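Colleague: here is the input, now give the coordinates:
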Amino acid sequence: MHVLTRPLAAIGARVLALFAMIGRVTLFFLDTLTHVVRAPFYGFEFGIQLIQIGWLSLPVVGLTAVFTGGALALQIYAGGARFDAEAVVPQIVAIGMVRELGPVLVGLMIAARVTSSIAAEIATMKVTEQIDALVTLSTHPMKYLTVPRVLAALVSVPVLVGVGDLIGVFGGYQVATGTLGFNPATYLKNTVDFLEPLDVVSSLVKGAVFGVIASVMGCYAGMNSGRGAQGVGRATKSAVEAAAVLILAANFLLTGVFFSL
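Modeller: Residues are numbered from 1 along each chain as shown. Sure thing, here's the model as predicted:
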């Protein structure tokens, strides 16, 4: 009987560990919120993180969006041709990029680039006892390390999503007008007429949520990393994995909230 119940015990232990981690991350996030509204605020560090998270992420976001928009236009045209519905390419590219692909792809790129960077940086600081040095200097690590990164992601990722949406739609426009024979003016008119304000708002809100998720998971993994090089590696890997899964789950929930009616 003991042998038969051992797999169930292992599954139960994993489930309990998962809920425990969710609880720790939730408490970490709430602790971050309490520090956001309390002085001091490190503006210089916030500015550096705006550049690191926002400005330096533009190239990878732009390239990802433009190729995705172009590929989406080709796929929709090929699929629509089976039903004589090639004319829907502008509308579907616009709604696909703005509602879903734009924010999700930007969120995943931020998880790959920013979450890993934050986790590795903070974990290395912990290993080299720089965080202990901050405490010695009466500087709260949450104030100096976590809050500027979370706020910078909250501000910059929606901007990146907006830029990614525009570039993705432009990629579809370039392919449709340059390769598929669409009229440029008609394509742009159909794109503008089809999009609604809710589509844009939902995209930007998703960007803000994804930015918070990516930055919080990076900070949490870094702050709770193990010692040594292996601890830094595990913290970076777990941060990216958790951020990517949570971003996809949050996208599903937000899509249901915005477009369930």
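Colleague: care to break the chain down by domain?
Modeller: 1-31, 42-259 (automatic domain parsing).
Colleague: most tightly packed of the ones you listed?
Modeller: Of all the domains of the chain, domain 42-259 carries the top mean neighbour count, a mean of 19, counting by mean count of other C-beta atoms under 10 Å. Heads up, the C-betas are built off the backbone N, CA and C, glycines and all.
Colleague: compute the first-to-last residue distance for that one.
Modeller: 38 Å (C-alpha to C-alpha, to the nearest Å).
Colleague: now find how far off-centre it is within its chain.
Modeller: 4 Å (C-alpha atoms, centre = their mean, to the nearest Å).
Colleague: what pLDDT, on average, does it get?
Modeller: Domain 42-259 shows a mean pLDDT of 91.
Colleague: now for the host helix or strand of residue 116, which elements pack on it?
Modeller: For residue 116, the enclosing helix or strand under DSSP states H and E is helix 116-127. If contacts are counted by 3 or more C-beta pairs under 8 Å, 6 or more residues apart in numbering; DSSP states H and E, helix 116-127 sits against helix 197-223, helix 228-259.
Colleague: can you pull out the helices in the chain?
Modeller: Per DSSP state H, the chain carries helices over the ranges 2-36, 43-49, 58-81, 89-95, 102-110, 116-127, 130-136, 141, 147-178, 184-194, 197-223, 228-259.
Colleague: one step back: can you add distance to residue 141 and give the helices and strands packed on helix 116-127 back as a markdown table?
Modeller: Formatted as a markdown table, these follow (distance: least, C-beta to C-beta, whole Å):
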| stretch | distance to residue 141 |
| --- | --- |
| helix 197-223 | 7 |
| helix 228-259 | 15 |
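Colleague: so which residue is smack in the middle of the chain?
Modeller: Nearest residue to the geometric centre of the chain (C-alpha atoms, centre = their mean): residue 107, 2.3 Å.
Colleague: now that residue. Nearest residue, chain neighbours left out?
Modeller: residue 210 (3.4 Å; C-beta to C-beta, 6 or more residues apart in numbering).
Colleague: which residues does that neighbour contact?
Modeller: By C-beta atoms under 8 Å, 6 or more residues apart in numbering, the contact list for residue 210 reads 103, 106, 107, 110, 111, 157, 161, 247, 250, 251.
Colleague: pretty sure the second one is touching residue 61, no?
Modeller: By that I understand residue 106. Yes: using C-beta atoms under 8 Å, residue 106 is in contact with residue 61, at 5.5 Å.
Colleague: now the common contact residues for those two.
Modeller: Joint contacts of residue 106 and residue 61 (C-beta under 8 Å, 6+ apart) are 160, 164.
Colleague: pLDDT score for residue 8?
Modeller: pLDDT at residue 8 comes out at 76.
Colleague: give the contact list for it.
Modeller: Contact analysis of residue 8 by C-beta under 8 Å, 6+ apart lists nothing.
Colleague: for it, give its distance to residue 15.
Modeller: 10 Å (C-beta to C-beta, to the nearest Å).
Colleague: same check, this time on residue 118
Modeller: Distance from residue 118 to residue 15, by C-beta to C-beta: 28 Å.
Colleague: same check, this time on residue 245
Modeller: Relative to residue 15, and taking C-beta to C-beta, residue 245 is found at 16 Å.
Colleague: residue 188 too?
Modeller: In this view, residue 188 and residue 15 are 51 Å apart by C-beta to C-beta.
Colleague: what does residue 101 give?
Modeller: From residue 101 to residue 15 the distance is 33 Å (C-beta to C-beta).
Colleague: and for residue 214?
Modeller: In terms of C-beta to C-beta, residue 214 sits 25 Å off from residue 15.
Colleague: can you check residue 198 too?
Modeller: For residue 198, the distance to residue 15 - C-beta to C-beta - is 37 Å.
Colleague: kindly report the same for residue 100.
Modeller: 30 Å.
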